[in-house]
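1. please find the sequence and the predicted model below.
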Amino acid sequence: MADDLHLDESVSHRKLFLPALVASYSATGPLAVVMTLFLIDMGNTFHVEVGVMGQVNTAASITAVAFGLLMGFLSVRFRRKPLLLFGLLCMSIAALGCFLAPDFTIMLMSYALSGIGLAMVLPMTITLVGEHFSLEKRASAVGWIIAGGSLAYVIGGPIAALVGGLGGWRFGVLWFVLPISLVSLLLAFFEVPSGSQSNQPTTRSETYLGGFKGIFSNISATACLVGDTLRSAAFAAVVVYATSFVRQRFDASTDLASMVLLGGALFYALGSIITVRIVNRTGRKFSAVWTVLLAGVFTISYAYVHSLGLSLALICVASWFFGMSASACNSLSLEQVPKFRGTMMSLDSAAINLGSAFGTTLGGLVLLSYGYEGMGIVLGITGVVGAMVLYFLSKDPIRT
């Protein structure tokens, strides 16, 4: 994989550099996979309702948003590799804490720590791509990283179910989540270069405020953050509610509904990988706009069909375009403010997590009053609005 991408001279000898970045982002997924599959079992372990147990996800999202904002400062003060390694270490400690958790409170705190890891790992992997890959190869590298996160669900779901089925959810955390976290940590330690500069400004005020001022005074960069927030909110209609839709609307079994999640993750991964060819031909902005627009449109459509097969197909198509849009939008954001790439991608990560929390909350409220059709319309339109923001306000710095 890395052989196909032109690296700068400082890392050209590191054949596993890109695989290390892919593995790093993939390591943020296994704990969430186990949580999704064994949420009921965890609730039984700690004697809490499923709805209460699910609040650990809310805690992780809030932590990711808060720490994503903090990363905007840290990314201009510290080098990329230590931040990446600390994020991966947080994921490992979170997994260990969940495994050892004696009660719900410790479980909540441990899982919230994974939000810190998520807020650090994604922006640093994308920033490292911007610093070490040639311009024409960055979109491909970003696509592989985004795909790696999705493949953690495609491949990890069945493995987690198998391992957890042998000895319970704690067994799954110990023998599935922890090994992946530790391997990715070691791979990043040995293969990510230590000399990744943070473009540190010379004065303290520039260090802590220059990045934020440089981004929020840039209309295009701000539009990318808003667009990613709305795109992520729309994605909640697929990643959060599509499985429940299939179960309730078509009385599908749990096994079939779980395949919706796996199928959506697979199409998401394939879409993120194939985007590179489109980005290099049509530009980052154009690719981001039309993929976000189509993702929103297909989000609206899947709740209105009365055929299980057609609905599943539309969910997969929506996932395909969401995967494409994730890769295209990250590539567009990466080039907005080159001097403050770390800050930009940290804020973008916070925007994505904020959008996910917003979309989940908004979708749930609309679902209670207007059903899946209303939820699909509201979140789908959210994606369409995100595409309009990108179209009218963002610029592609590579195609001036």
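-> Cool, the structure landed.

2. show me where pLDDT drops low in this structure?
-> Along the chain, segments meeting pLDDT under 70 span 1-14, 50-51, 195-208, 254-255, 257-258, 399-400.

3. got the buried residues for whichever strand or helix holds residue 142?
-> Assigned by DSSP states H and E, residue 142 falls within helix 135-167. Judged by neighbour count using 16 or more other C-beta atoms under 10 Å, the buried positions of helix 135-167 are 137-157, 159-161, 163-164. Using the backbone N, CA and C atoms, a C-beta is placed for each residue, glycine as well.

4. test my guess that residue 272 contacts residue 327.
-> Yes - assessed by C-beta atoms under 8 Å, residue 272 is found in contact with residue 327 at 4.2 Å.

5. so those two - more neighbours on which side?
-> A count of neighbours by other C-beta atoms under 10 Å puts residue 327 above the other of residue 272 and residue 327, at 31 against 28.

6. pretty sure the more buried one contacts residue 144?
-> No - counting by C-beta under 8 Å, residue 327 does not reach residue 144; the two are 9.1 Å apart.

7. what do these two both touch?
-> Residues touching both residue 327 and residue 144 (C-beta atoms under 8 Å, 6 or more residues apart in numbering): residue 273.

8. still on that earlier bit, list the helices and strands the helix holding residue 142 packs on?
-> Counting contacts by 3 or more C-beta pairs under 8 Å, 6 or more residues apart in numbering; DSSP states H and E, helix 135-167 is packed against helix 17-26, helix 30-37, helix 104-132, helix 169-172, helix 254-282, helix 308-334.

9. would TSV of these with distance to residue 392 be doable?
-> As requested, the helices and strands packed on helix 135-167 are exported to TSV (distance: least, C-beta to C-beta, whole Å):
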stretch	distance to residue 392
helix 17-26	31
helix 30-37	34
helix 104-132	25
helix 169-172	46
helix 254-282	18
helix 308-334	14
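
10. closest one to residue 236 among these?
-> With C-beta to C-beta as the measure, helix 308-334 is the member of these nearest residue 236 (10.5 Å).

11. got any residues that touch both of residue 272 and residue 327?
-> 143, 146-147.

12. closest one to residue 181 among the helices and strands packed on helix 135-167?
-> Once these are compared by C-beta to C-beta, helix 30-37 is nearest, at 7.4 Å.

13. what inclination does that closest one have with respect to helix 135-167?
-> 50 degrees (axes from the mean of the first three to the mean of the last three C-alpha atoms, to 10 degrees).

14. list the buried ones in helix 30-37?
-> 30-37.

15. helices and strands around it, which ones?
-> Applying 3+ C-beta pairs under 8 Å, 6+ apart, one finds that helix 30-37 contacts helix 55-74, helix 80-100, helix 104-132, helix 135-167, helix 169-172, helix 178-191.

16. residues making contact with it?
-> Residues outside helix 30-37 that contact it (C-beta under 8 Å, 6+ apart) are 42, 56-57, 91, 94-95, 98, 111, 114, 152-153, 156-157, 160-161, 164, 169, 172-173, 176-177, 180-181, 261.

17. contact partners of the helix or strand that that helix is followed by?
-> Beyond helix 30-37 on the C-terminal side, the first helix or strand identified by DSSP H and E is helix 39-46. Residues outside helix 39-46 that contact it (C-beta under 8 Å, 6+ apart) are 35, 49-50, 52-54, 101, 103-104, 107, 168-169.

18. do the same with stretch 133-151
-> With C-beta under 8 Å, 6+ apart as the test, stretch 133-151 has contacts from 1, 4-8, 18, 21-23, 25-26, 28-29, 122, 125-126, 129-130, 265-266, 268-270, 272-276, 279-280, 284, 323, 326-328, 330-331, 334, 398.
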